[in-house]
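quick one, what's the 3D model for this:
(2 chains)
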Amino acid sequence: MTAAAAGLVRRKRAASPNLRYRWSVAVLAVLLVALMLLYVMVGPVLFAPDLVIKALAGQPEEPLHRIAVREVRLPRALMAALAGAMLSSSGAFLQSVLRNPLAAPATVGITQGAVLGAVLALVLTFGSEGALDDLNTLVPLAAMAGGLAAGGLVYGLSYRRAGSDPLRLILTGVVVAAALSAATSFLVLLSGSHTDSIIRWLVGSLSTRTWDHLRFLVPVAVLAVPLAVATIPVGNVLQLGDATAVNLGLRAELARAGVLTTAVVLAAGAVSVVGGIAFLGMMGPHLARTLVGSDLRRLVVCSALVGAIILVAADLMARTFSLDWIPLLSIETESGSRVPVGAFTALVGAPFFVYLLRARA
Amino acid sequence: MTGTDPTINHPSIRADRVSAGYRGHEVSRRLSLSIERGSRTALVGPNGSGKSTILKTLARLIKPLSGSVYLNGKDIGRLPTREVARRMAILPQVHEVPPELTVLELVSQGRFPHVGALRMLRHTDDEAVREAIRLTGLEHLIDRSVDTLSGGEHQRAWMALALAQQTDLLLLDEPTTFLDVGHQLDLLGLVARLNRDHGVTVVMVLHDLNHAARFADRMIAILDGEVVADGPPTEVLTPGLLRECFGVEASVVKDPRTGAPMCIPHTTISPSDDERD
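Take a look at the predicted model:
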């Protein structure tokens, strides 16, 4: 499996990597901006681009436009982009430092820890009516704490006298992820009711996200930037193996802990507002690697852009294509019967991933 | 330690009563070894003799169980590891390389100990990287992905990484193991040139005794973690040593071109004839 997955990114590159990188970033950035514009335009009411710009500038033709664009669609688009970027770049760090193409926030338990934190907060606060604003901060905080704790737990459990080790970290992560998922299921069954909002957390959803959530996510992202900048060069050395890292004057264990911290903060932050989005953290870095290779200086930037594009596109689909015509699949919520975006990334992502594995192996 | 130039009077690297090995498994006991500046030393010995473990301990990849290693007279355990990396490079036996990493990206990581983590963010190549790529003949492959290279090119790329470190001590752990005879000679020839033209001190673990005899000026034979012979190849590579160390009956002749001793192994000695355990 590992060999096959490694094979899927094996491809010759013709142009100079630097030129390729610049082109990739330019094309991806344009694509992202275009998608986000489309995202803001499309909805129950379709807006032409000039109406969007007027509404953004604060001079809407109707007050309703302003609300639809600035209070509903824009924060949700920004959140999709930011969370997608964070999940995907977290996956890039994890895949490098754990030297495993299957590594991702959801394979090593960070996602499951954050989801458990969120669900715990939802269950405990259930019944305290009317505290939606508090809940918009409390749930992400609990999720963030859960994600960080899960990361710490995985690292702690895989630590031995001689330090941690990539393979042991992955295996421990898989076990911890399973245990945390089980705990979440237990909690959901125990709480009995209001399972709709919980399911949306489990699967990952962007509906009903507001500026409150973005105000939580932005500081985490801002904190993660210096962490990422500091750990990119270190991760570049560490992905050549511990022996080479020591040879190049790096304290391998400390370096690994640093890179993992970056990955955990990025993923826990993202999951704390969008829930357990599937496959994105694994898929994003793979796609980015086929474009710009494994040098983390390029890979992290491109993974972030690819992740942002995937989540914005997936949520656009999730928001647009109602599955009302399949009665069993429709989920009734305050925002209409829509499929949570996480279901989309999983439904589209899993076959896509299988295709990648088979095409390149 | 009190001289004006502390490096010049000291051996390049020295092991002082080093016990090397892993927890619960001591490979060598109180081994002392001194490598002179500018020398070419080959560590030889049968599988499991501890030669690789000793090399890794010298390279601080493994912590000694007891004793100390001194680099240019300074205790390697007390030196900042980045400073050590500017003076000593090791080519490990097994390499891990991520998919889709180009030769240039790999080799430029060799500048890490000199450039420092944060400046590596913008660092791509410099004179040292270009020199390392030129010496290893990889100019036409710099943008190729390392995992698509042949075995010989692959080893040269890793060699270039070590060269980009620009150290005056180079440790090589079985550098020729997966190479065909032509690439073996190329690599060892490169090592000899580095030693001759750039004054690089070389310590290498080699399995091929004839290569060791030809490319090293000092051979150290190791058996069960202990030095059993140490000296110029003509003194070390003898039928007696081959019998004692490797358990083979062999003739030793002179290489007609280089004059180095060459062994021709004939048969193994059956365990019952073998006196050593």
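
which stretches of the stretch 51-200 of chain A have low pLDDT?
Along the stretch 51-200 of chain A, the parts satisfying pLDDT under 70 run over A:127-133, A:193-195.

so which strand or helix has A:A350?
Counting by DSSP states H and E, the secondary-structure element that holds A:A350 is helix A:341-360.

looks to me like B:Q93 is in a helix.
No: B:Q93 sits outside any helix when classified using DSSP: H, G, I helix; E, B strand; the rest coil, being coil.

residue closest to the middle of the chain?
Assuming you mean chain A. Most central residue of chain A, judged by C-alpha distance to the mean C-alpha position with CA atoms, centre = their mean, is A:L87 at 2.7 Å.

try again with chain B
Ranked by distance to the mean C-alpha position of chain B (CA atoms, centre = their mean), the top residue is B:L172 at 2.2 Å.

so for the strand or helix carrying that residue, what's the average pLDDT?
With elements taken from DSSP H and E, the one containing B:L172 is strand B:169-173. Summarised as a single mean, pLDDT over strand B:169-173 is 97.

surely B:M120 meets A:P233?
Yes: judged on CB atoms under 8 Å, B:M120 makes contact with A:P233 at a distance of 3.8 Å. Just so you know, the C-beta spots here come from the backbone N, C-alpha and C atoms, and that holds for glycine as well.

what's the local residue count around the residue of the stretch 51-200 of chain B found nearest chain A?
Scanning the stretch 51-200 of chain B for proximity to chain A using CB to the nearest CB identifies B:A85 as nearest, at 3.0 Å. Here the number of neighbours of B:A85 (other CB atoms under 10 Å in any protein chain shown) works out to 24.

show me the contacts for the nearest residue to it once chain neighbours are set aside.
Once flanking residues are discounted, B:A85 sits nearest to A:G249: 3.0 Å by CB to CB, 6 or more residues apart in numbering or on different chains. Listed by CB atoms under 8 Å, 6 or more residues apart in numbering or on different chains, the contact set of A:G249 reads B:P80, B:T81, B:R82, B:E83, B:V84, B:A85, B:R86, B:F112, B:P113.

low-confidence ranges in the stretch 201-350 of chain A?
Across the stretch 201-350 of chain A, the stretches falling below the confidence threshold (pLDDT under 70) are A:322-338.

for chain B, what are the nearby residues on it?
By the criterion of CB under 8 Å from any CB of the partner chain, the positions of the stretch 201-350 of chain A lying close to chain B are A:229-230, A:232-234, A:236-237, A:239-241, A:243-244, A:246-251, A:289-290, A:293-295, A:297.

which one of B:M120 and A:P233 has more residues nearby?
Under the criterion of other CB under 10 Å, the comparison of B:M120 against A:P233 puts A:P233 first, with 24 against 20.

doesn't the more buried one belong to a helix?
Yes: with three-state DSSP as the criterion, A:P233 is part of a helix.

just checking, it touches B:L118?
Yes: in this structure, A:P233 sits in contact with B:L118. The criterion is CB under 8 Å, and the distance is 6.9 Å.

just put the contacts of A:G249 in a markdown table and tack on distance to B:K56 and pLDDT.
Conversion of those to a markdown table gives the following (distance: CB to CB, whole Å; pLDDT from 0 to 100):
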| residue | distance to B:K56 | pLDDT |
| --- | --- | --- |
| B:P80 | 20 | 94 |
| B:T81 | 15 | 94 |
| B:R82 | 19 | 94 |
| B:E83 | 19 | 94 |
| B:V84 | 14 | 96 |
| B:A85 | 15 | 96 |
| B:R86 | 19 | 96 |
| B:F112 | 20 | 96 |
| B:P113 | 18 | 96 |
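
A helix includes the residue nearest to B:A85, no?
No: secondary structure assignment places A:G249 outside any helix; it is coil (three-state DSSP).

residue boundaries of the strands in chain B?
Using DSSP state E, the strands found in chain B span residues B:13-22, B:25-35, B:40-44, B:66-71, B:74-75, B:88-91, B:169-173, B:201-205, B:218-223, B:226-231, B:248-254, B:261-268.

for chain A, find the nearest of those strands.
The minimum distance between chain A and the strands of chain B falls on strand B:88-91, with 5.0 Å, by CB to the nearest CB.

what's near enough to touch the nearest residue in space to the residue nearest to the centre of chain B that is not next to it in sequence?
For B:L172, the nearest residue in space outside its immediate sequence neighbours is B:M204; the separation is 3.9 Å by CB to CB, 6+ apart. Contacts for B:M204 were tallied using CB under 8 Å, 6+ apart; they are B:R40, B:T41, B:A42, B:L43, B:L171, B:L172, B:D173, B:P175, B:V191, B:A216.

residues near A:P140, how many?
Neighbour number of A:P140 under other CB under 10 Å is 26.

report the contact partners of it.
By CB under 8 Å, 6+ apart, the contact list for A:P140 reads A:A118, A:H213, A:F216, A:L217, A:S272, A:V273.

who wins on neighbours among the residues you listed?
Result: A:A118 is most packed of these (other CB under 10 Å), 31 neighbours.

can you say which helix or strand has that one in it?
A:A118 belongs to helix A:110-125, assigned by DSSP H and E.

send me that helix as CSV with only the CA atoms.
Extracted C-alpha coordinates of helix A:110-125, given in CSV (Å, rounded to 0.1, in the frame of the first residue of the first chain):
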residue,chain,number,x,y,z
ILE,A,110,-6.0,15.1,15.3
THR,A,111,-9.3,15.4,13.5
GLN,A,112,-11.0,12.8,15.7
GLY,A,113,-9.7,14.6,18.8
ALA,A,114,-11.1,18.0,17.7
VAL,A,115,-14.4,16.4,16.7
LEU,A,116,-14.7,14.8,20.1
GLY,A,117,-14.0,18.1,21.8
ALA,A,118,-16.7,19.8,19.7
VAL,A,119,-19.3,17.1,20.3
LEU,A,120,-18.6,17.1,24.0
ALA,A,121,-19.2,20.8,24.1
LEU,A,122,-22.4,20.4,22.1
VAL,A,123,-23.7,17.6,24.4
LEU,A,124,-22.8,19.4,27.6
THR,A,125,-24.4,22.7,26.6
